[in-house]
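> Next comes the sequence, and after it the predicted model I'd like to discuss.
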Amino acid sequence: MLDIPLTNPIRGDLFPDTSHSPSLAELVGYERAADIVDFCFIANPYYPTPEMVEALQVGLPKLIKCYPSSNPATTQRALAEVLSVDPEDLIVGNGATELIVLINEVLVDRIGVSVPTFGEYIEKLRDPAAAELFVLDRDQEYRLDLNEYLAWGRERGVKALLIINPGNPTGQLHSLDQMVDFLERARDMDLIVVDESFIDFAGDPIPSLLPVAARFNNLLIVRSMSKHYGVPGLRLGFCYSRNRPLLQRLRRLVPTWHLNILAEYFLTLLPSTDTAYRESLQRVSADARRLQDELSTIPGLFVYPTGSNFVLIRIEGEMTAADLQAHLLADHLMYVRDCSNKVGMDDRHVRVASQGREADERLVRALRDLIGRPEAAFR
């Protein structure tokens, strides 16, 4: 693909309207969005398989004339099969954000949140003052120390804590042993929400808490399926807990037909394509490590260590994250995440998600041109 600069105006007025990022379709229109590499929204570039996409295309004319199931057990069973869990311990949602809203509405009075983080956990609280913010230090690479976090929560009398693992936007990964040790020590907490939306990118075997969740009655796992399954447009996510009374409090407020029929059909395709899915994760992980290594060689950038498929970078010169985002979008047809609107983060941070080796190479070359030494070629 050639870097042909945008000629139509970019809807820059949209950026102040959200704490996330506008979609490419909003910024440049649906037709031109197809020409731009989206490093902003995190999604597996190697899944769904071409055969799955074809199945969705072939089925579309009939599917859109059908109602999805009114019985949540239908979707729970399909997802439970690939997760190797009991479907009764799952709630499938219209994206993780729907479930985050329910959690905040039903389960949370006060909650400890380390920042910077994914903003929905703060913004969708009934009372914004219910969030007790544990501010991470930039000079310590925004690293979350679980021992300090738990002690801080107890000192403040907070009985609910949020952990995103791997962290967003930092990419910090806590090992499974570290998380289990934390949960053992946090049994006095009423609720521990662990968002594992990026955990499938964190290694093989996947270091998820799903297999040990039965040991912790206060544990609620949240996952967005947009990222690791590569289908942000279908809007899928889930909650998992072995505490069924807790899940039931959430389940009673989930609307009937809250999933669209394409999302429901997609779930039925997962069991038969699980091998291809596991292979896609290995490819993504290799690409992300390579991207991290190459970004680390660019003068003027500080690259944070990551345990996911995205990399957080800090610009050490005069250019702001918004400047860099605008240059890459207008001149190189690449869209990256300006993290300036994240609570606790300054205006020099950009997050980029691996989009496959060829696209990643283009990004590194563009960043060398904008920030580093142009003569340093991508290895």
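Nice, thanks for sending it over. For clarity, every value in this text was computed on a predicted model and none was experimentally measured.

> Residues contacting the strand or helix carrying Val194, please?
Following DSSP states H and E, one finds Val194 within strand 191-195. Outside strand 191-195, the residues within contact range by Cβ atoms under 8 Å, 6 or more residues apart in numbering are 96, 103, 107-108, 111, 118, 121, 159-165, 168, 179, 183, 186, 209, 216, 218-223. (Glycine included, C-beta is placed from N, CA and C.)

> Among these, which ones are in helices?
96, 103, 121, 179, 183 (DSSP state H).

> Generate JSON lines for the residues you listed, with neighbour count as supplementary columns.
What follows is the ones in helices among the contacts of strand 191-195, written out as JSON lines (neighbours: other Cβ atoms under 10 Å):
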{"residue": "Ala96", "neighbour count": "24"}
{"residue": "Ile103", "neighbour count": "26"}
{"residue": "Tyr121", "neighbour count": "22"}
{"residue": "Met179", "neighbour count": "24"}
{"residue": "Leu183", "neighbour count": "21"}
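
> pLDDT and distance to Leu234 added to the residues you listed, as JSON lines?
Compiled in JSON lines, these are given as follows (pLDDT from 0 to 100; distance: Cβ to Cβ, whole Å):
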{"residue": "Ala96", "pLDDT": "96", "distance to Leu234": "12"}
{"residue": "Ile103", "pLDDT": "96", "distance to Leu234": "21"}
{"residue": "Tyr121", "pLDDT": "94", "distance to Leu234": "22"}
{"residue": "Met179", "pLDDT": "98", "distance to Leu234": "28"}
{"residue": "Leu183", "pLDDT": "98", "distance to Leu234": "31"}
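
> for those residues, which one is nearest Phe310?
Ala96 (16.1 Å; Cβ to Cβ).

> Skip the chain neighbours and tell me the closest residue to that closest one.
Gly237 (3.3 Å; Cβ to Cβ, 6 or more residues apart in numbering).

> now do Ile91
Cys239 is the one closest to Ile91 (Cβ to Cβ, 6+ apart), at 4.5 Å.

> can you list the domain ranges for this protein.
12-49+275-370, 50-273 (automatic domain parsing).

> Compare the mean pLDDT across these and name the weakest.
The minimum mean pLDDT among the domains of the chain belongs to domain 12-49+275-370 (a mean of 92).

> distance between it and the chain's centre?
Distance, stretch centre to chain centre, for domain 12-49+275-370: 13 Å (Cα atoms, centre = their mean, to the nearest Å).

> same question, stretch 61-74
26 Å.

> neighbouring contacts of that stretch?
Counting by Cβ under 8 Å, 6+ apart, 56, 75, 87, 91-92, 251, 254, 256-257, 259-265 sit against stretch 61-74.

> Then stretch 120-131?
So stretch 120-131 is contacted by 19, 97, 100-101, 104-105, 108-111, 113, 115, 133, 162, 193, 195, 343 (Cβ under 8 Å, 6+ apart).

> Put the buried members of those into a PyMOL selection.
A single PyMOL command is used to select the members of the contacts of stretch 120-131 judged buried by 16 or more other Cβ atoms under 10 Å:
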select buried, resi 97+100+101+104+108+110+111+113+115+162+193+195
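
> buried ones in stretch 287-303?
287-288, 290-292, 294-295, 298, 300-303.

> Verify the stated contact: Met319 with Val350.
No: checked against Cβ atoms under 8 Å, the pair Met319 and Val350 is beyond contact range at 9.9 Å.

> Name the residue in these two with the higher neighbour count.
Val350 (26 against 15; other Cβ atoms under 10 Å).
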